[in-house]
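Visitor: Provided below are the primary sequence and the corresponding predicted coordinates.
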Amino acid sequence: MHTHILPANLPRWSEKFGYGDFIHLEHHRQGFARMMQGDRFFREINENCWHPELRIEEYAKFGTQVQVVCTIPVMFSYWARPHDCLEVSKFLNDDLAELCVKYPKNYVALATVPMQDTDLAIQELERCKAIGLKGIQIGSNINDLNLSEDRFFPIFEACEKLNLAVMVHPWNMMGSANMTKYWLPWLVGMPAETSRAACSLIFSGVLERLPKLRVNLSHASGSFLATIGRVEHGFNCRPDLVAIDNPINPRDYLGRFWVDSITHDARMLEYVLEMVGSKRVSLGSDYPFPLGDLEIGKYIEDMNLPEDTVKDIFYRSTLEWLDMKEEDFL
Ligand SMILES: [Zn+2]
C-alpha cells in the first residue's frame, strides 16, 4: 500500500477554469515530465509515475505483485472551487478505475475527493465505490482545517457505510513558510502533520463513533507513535484541554488503526510492531519518489522477523484494511 501514480496526461485545468495553479504535465524529454504548478516548476518525474507496465516490472524486481495506488497529494486541489475540484477528482479517479480494470491482479486504487465540500465529497465517494475503488486518500489537514472538524464527519461516516478504507497522507505541511531550507517540510513537517491528523481523529471521537472505519496513517503514523507517551501524558495531566470531546485514553486506540511500514529504520519498525501489532502494519513504499522505501521491503526481510509477522506486513494487514482477499490476486 502507499504508492503514487498519475495519468500520463493532465488537462490544462488552469486555462479551462480560468484561475489557480492546477498541476499539469510537460513531457519535455523521453521518459520524463515536468510537473508544473501553473507556470511554476514543481518537480520532474520519471515515467514510472504514469507507466503501468513499467511500474509492474520495477515492482516485480522486489518480489511485489500488487500496488495500492493513489494520486500525488499536490493533486488534491482542496483549495479550488468545489465543483472544479470535483472535476479534477473525477478525472483522476476514472483513470485509477481504468487501471484496476486493466490490471486487476496488480493494482488496487484509492480515490481522491473534494474534501472542502462535504456533499460533493460523499457524492464522489459513492461514484468511486461503484467503479471499483477500494478507499480514499485524504490530506492530513484540509485547507488548514483539522480532520476533527464536524464538517468532515459525514465523509468518514460515508466511508464506513460504503466499506471504503481511508489513508491519511501528510501534505500542506505546517510551518513550511518558516522552514524552506534543508527540505524541512518533508523531514519535519510531514511527520508532524500525520500526528496532527491522528490526534484529531482520536480526540474528536471520530474513531470512537465509527468503530468500523478503517484508517491507515502514512509513514508509520509520522511522529504519532513515537510520541504516544507524551500524547497520553497530556491527556492525563490536562484533560481540560485534551479530553474535551472524547474521554478515552489515546493509547487505547493502538491496534485500532493501521500504519504503513515506511520508517527506513529496523529498530523503529520493531517499536511500531510492538505498539500496534503486525496485523496493523502494512508494507508501504511511497514509490516512485526518492524519500520512499524503494528497495521495497528489503530491510524488513533482513530483520529476521517471524514468518507470520512478515506475512502480516507484506500483505495480510493491507488485505484486511482494504477488506479484500488473497484469492482476489491469484
Ligand atoms: Zn506518499
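Guide: Perfect, thanks for sending it. If you're wondering where the values come from, they're calculated on a predicted model, not measured in any experiment.

Visitor: list the buried ones in the biggest helix by length in the chain?
Guide: Scanning the chain for the helix with the most residues, using DSSP state H, yields helix 82-102. Neighbour-count burial for helix 82-102, counted by 16 or more other C-beta atoms under 10 Å, picks out 82, 84-90, 92-100. Quick note: C-beta positions are derived from backbone N, CA and C, even for glycine.

Visitor: element containing Glu15, please.
Guide: Remark: Glu15 resides in helix 13-17, with elements defined by DSSP states H and E.

Visitor: neighbouring contacts of that helix?
Guide: Contacts with helix 13-17, where a contact means C-beta atoms under 8 Å, 6 or more residues apart in numbering, come from Gly20, Asp21, Phe22, His24, Gly38, Ala80, Arg81, Asp84, Glu87, Val88.

Visitor: Neighbour-wise, give me the winner out of the residues you listed.
Guide: Most neighbours among the contacts of helix 13-17, by other C-beta atoms under 10 Å: Phe22, with 24 neighbours.

Visitor: Give me the pLDDT for that residue.
Guide: Note for Phe22: predicted pLDDT of 96.

Visitor: Return the residues in contact with it.
Guide: Arg12, Trp13, Ser14, Gln37, Gly38, Ser77, Ala80, Val88.

Visitor: Minimum pLDDT in those residues, which residue is that?
Guide: Minimum pLDDT across these falls on Gly38, with 87.

Visitor: how much space between the closest residue to that one other than its chain neighbours and Arg81?
Guide: Leaving aside its sequence neighbours, Gly38 sits nearest to Asp21 (C-beta to C-beta, 6 or more residues apart in numbering; 3.3 Å). Distance from Asp21 to Arg81, counting by C-beta to C-beta, to the nearest Å: 14 Å.

Visitor: With Val259 instead?
Guide: With C-beta to C-beta as the criterion, Val259 and Arg81 are 34 Å apart.

Visitor: Mind putting the contacts of helix 13-17 into CSV with distance to Tyr315?
Guide: Shown next, in CSV, are those (distance: C-beta to C-beta, whole Å):
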residue, distance to Tyr315
Gly20, 39
Asp21, 38
Phe22, 36
His24, 35
Gly38, 40
Ala80, 36
Arg81, 40
Asp84, 37
Glu87, 35
Val88, 31
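
Visitor: Tell me what Arg40 is bridged to.
Guide: Gln37 (DSSP bridges).

Visitor: Could you double-check that it sits in contact with Asp21?
Guide: Yes: under the criterion of C-beta atoms under 8 Å, Arg40 makes contact with Asp21 at 6.9 Å.

Visitor: Do you have the strands of the stretch 201-330 of the chain handy? List them.
Guide: 215-217, 258-260, 281-282 (DSSP state E, counting those that start in this stretch).

Visitor: end-to-end on stretch 253-266?
Guide: Using C-alpha to C-alpha, to the nearest Å, the end-to-end distance of stretch 253-266 comes out at 23 Å.

Visitor: need the contact list for Pro247.
Guide: Pro239.

Visitor: mind checking how far it is from Gly205?
Guide: Taking C-beta to C-beta, one finds Pro247 at 9 Å from Gly205.

Visitor: one step back: and the helix holding Glu15, which residues are buried?
Guide: Trp13, Ser14, Phe17.

Visitor: Which one of those is nearest to Ala198?
Guide: Trp13 (31.8 Å; C-beta to C-beta).

Visitor: mind putting the contacts of Phe22 in a markdown table, distance to Ala226 included?
Guide: Output for those, formatted as a markdown table (distance: C-beta to C-beta, whole Å):
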| residue | distance to Ala226 |
| --- | --- |
| Arg12 | 42 |
| Trp13 | 38 |
| Ser14 | 39 |
| Gln37 | 32 |
| Gly38 | 36 |
| Ser77 | 31 |
| Ala80 | 34 |
| Val88 | 34 |
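
Visitor: Tell me the one among those residues nearest to Val188.
Guide: Gln37 (22.0 Å).

Visitor: Verify the stated contact: that closest one with Gly20.
Guide: No: using C-beta under 8 Å, Gln37 is not in contact with Gly20; the gap is 9.6 Å.

Visitor: Give me the nearest residue to Met115, chain neighbours excluded.
Guide: Ile142 (4.5 Å).

Visitor: Pull the contacting residues for the residue nearest to Gly284 when sequence neighbours are not counted.
Guide: Nearest in space to Gly284, with sequence neighbours left out and distances taken as C-beta to C-beta, 6+ apart, is Asp260 at 2.8 Å. By C-beta under 8 Å, 6+ apart, the contact list for Asp260 reads Met1, His2, Asn216, Leu217, Ser218, His219, Ala220, Val281, Ser282, Leu283, Gly284.

Visitor: so how far is Ser14 from the fourth one?
Guide: It refers to Leu217. 32 Å.
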